[in-house]
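Trainee: prediction below, plus the sequence it came from.
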Amino acid sequence: MTETLAQLSTVFLYAAMGLYAAAFIAFALDLARRGARATAVEAAVVPSAVARRAEVREPVGAPAPTIIGEAPRDVAPPSSALGRLSSRISSKVEDDLVNGSDSSASMRWAFGLTIVGFAFHLVAVVLRGIAAARVPWANMWEFSMTGTLVIIGVFLVANLKWQIKYLGTFVLGLVLVLQGVALLRYYVPVVPLQPALQSYWLVIHIIVAVLGTAFFALGFALSGLQLLQYRRERQVEESRPQQFRFLATLPNSVTLENLAYRINIVGFIAWTFTLIAGAIWAEKAWGRYWGWDTKEVWTFIIWVIYAGYIHARATRGWRGSRSAWLAIIGFAAVLFNFGIVNVFFHGLHAYSGL
């Protein structure tokens, strides 16, 4: 019976992965639609802007008097004219698309598929827990299942407060990669808990760690998008060709940065409690609060990185790309802690099950 439930859990997880993959494609199609719409709006704006500039020019042969060293008043400096035109195009696109960007058919399908995939994923995790007769996060495979489930759950719940469906491609892409690696490398059959894990602290410590990781993942996606948006805004200011036209339909880099900061603070609070709960559990299991085990050290390093990120942004004015890179480095440390430290470093926390 245990093995049957574990196999059924895996079947549901594969179904969830298929639904997530379909949702990922639908989210990508929505971004492509945004890019196409932005290009169409730009094509409509450019001729009208050129025509209006031609209308206001004074007739040839009667140039306006100019001051030595000053550019003629009927011909704007090329760089500033192009910059103003690019800014106008971006504003037009934002006004035209941002407010109604979530109404596209591809976006509705993508979000609906994500919800259905989340339901299948939840069933897979519950079946694994029933098969094991305990909480399903005692090894790398189970932690991967639960962690990716919570990432999707946080993304869905966050949309109740903020309209961040545009992150779907990035969030689902991350989940597909993480769970795909887990399916290939981390699967293990159901086994009894090791003695050190037979504690109620397994529930408390791991669930807050999973929650912290999920919020950090969402902050990572926002910070990555912030860097792309910041680059586009620089291209607009400098009148250079723009890549990723869909970015013109999304919030500006400052808005993305502020949202990433708020979400990372929630993740930091959860991670702080992870450290505290881990220390209490270590005292109960091994008779000491801290022993400089590799896992403990990396958990503390992650805490320091995000503490530095919050402190630097709040008190040192580290905004823009610098704060985004700090958040990205922090999440890279989270992935290193999970995928490298758990597998290749041996210590008291060697519970990967591999």
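Mentor: Yep, it's here.
Trainee: for the host helix or strand of Ala119, buried residues please.
Mentor: Using DSSP states H and E, Ala119 sits within helix 105-132. Neighbour counts over helix 105-132 (16 or more other CB atoms under 10 Å) mark 106-107, 109-111, 113-114, 116-118, 120-121, 123-125, 127-132 as buried. Quick note: C-beta positions are derived from backbone N, CA and C, even for glycine.
Trainee: same check, this time on stretch 171-178
Mentor: 171-176, 178.
Trainee: contacts for that stretch, please.
Mentor: With contact meaning CB atoms under 8 Å, 6 or more residues apart in numbering, stretch 171-178 is reached by 17, 20-21, 23-24, 27, 114, 144, 147-148, 151-152, 155, 217-218, 220-221.
Trainee: quick one: low-confidence parts of the stretch 51-200 of the chain?
Mentor: For the stretch 51-200 of the chain, the stretches with pLDDT under 70 are 51-103, 196.
Trainee: relative to Ser253, how far out is the residue sitting nearest the centre point of the chain?
Mentor: The centre of the chain sits closest to Ala221, judged by CA atoms, centre = their mean, with a distance of 2.0 Å. To Ser253, Ala221 is 14 Å away according to CB to CB, to the nearest Å.
Trainee: also Ile164?
Mentor: 15 Å.
Trainee: also Leu19?
Mentor: For Leu19, the distance to Ser253 - CB to CB - is 32 Å.
Trainee: what's the answer for Leu225, then?
Mentor: 9 Å.
Trainee: same check, this time on Ile152
Mentor: Using CB to CB, one gets 26 Å for the distance from Ile152 to Ser253.
Trainee: helix or strand for the closest residue to Ile130 other than its chain neighbours, which one?
Mentor: Of all residues not flanking Ile130 in the chain, Leu5 sits nearest, at 5.7 Å (CB to CB, 6 or more residues apart in numbering). Per DSSP H and E, Leu5 falls inside helix 2-56.
Trainee: tilt between that helix and helix 105-132?
Mentor: 160 degrees (axes from the mean of the first three to the mean of the last three CA atoms, to 10 degrees).
Trainee: against which helices or strands is helix 2-56 packed?
Mentor: In terms of contacts (3 or more CB pairs under 8 Å, 6 or more residues apart in numbering; DSSP states H and E), helix 2-56 is packed against helix 78-97, helix 105-132, helix 168-185.
Trainee: all helices of the stretch 201-350 of the chain, in order?
Mentor: 201-237, 253-286, 294-315, 321-336, 342-344 (DSSP state H, counting those that start in this stretch).
Trainee: quick one: contacts for Pro189?
Mentor: Per CB under 8 Å, 6+ apart, neighbours of Pro189: 3, 6.
Trainee: and what about it, helix, strand or coil?
Mentor: At Pro189 the chain is in coil, as set by DSSP: H, G, I helix; E, B strand; the rest coil.
Trainee: and it, how far is that from Leu8?
Mentor: In terms of CB to CB, Pro189 sits 13 Å off from Leu8.
Trainee: just Val341 next, same as before
Mentor: To Leu8, Val341 is 31 Å away according to CB to CB.
Trainee: so between these two, which is more surrounded?
Mentor: Val341 (21 against 16; other CB atoms under 10 Å).
Trainee: can you pull the pLDDT of that one?
Mentor: You'll see Val341 listed with a pLDDT of 82.
Trainee: Leu335 versus that one, what's the distance?
Mentor: From Val341 to Leu335 the distance is 10 Å (CB to CB).
Trainee: shared neighbours of those two, anything?
Mentor: With CB under 8 Å, 6+ apart, Val341 and Leu335 have no common neighbours.
Trainee: ok, back up a step: in CSV: the buried residues of stretch 171-178, plus distance to Arg234.
Mentor: Below are the buried residues of stretch 171-178 laid out as CSV (distance: CB to CB, whole Å):
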residue, distance to Arg234
Val171, 26
Leu172, 28
Gly173, 25
Leu174, 26
Val175, 31
Leu176, 31
Leu178, 31
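Trainee: so where is the stretch 201-350 of the chain shaky, pLDDT-wise?
Mentor: Applying pLDDT under 70 to the stretch 201-350 of the chain flags residues 345-350.
Trainee: please redo it, this time with the cut-off set to 80
Mentor: Low-confidence segments of the stretch 201-350 of the chain, defined by pLDDT under 80: 202, 238-244, 285-287, 291, 315-319, 342-350.
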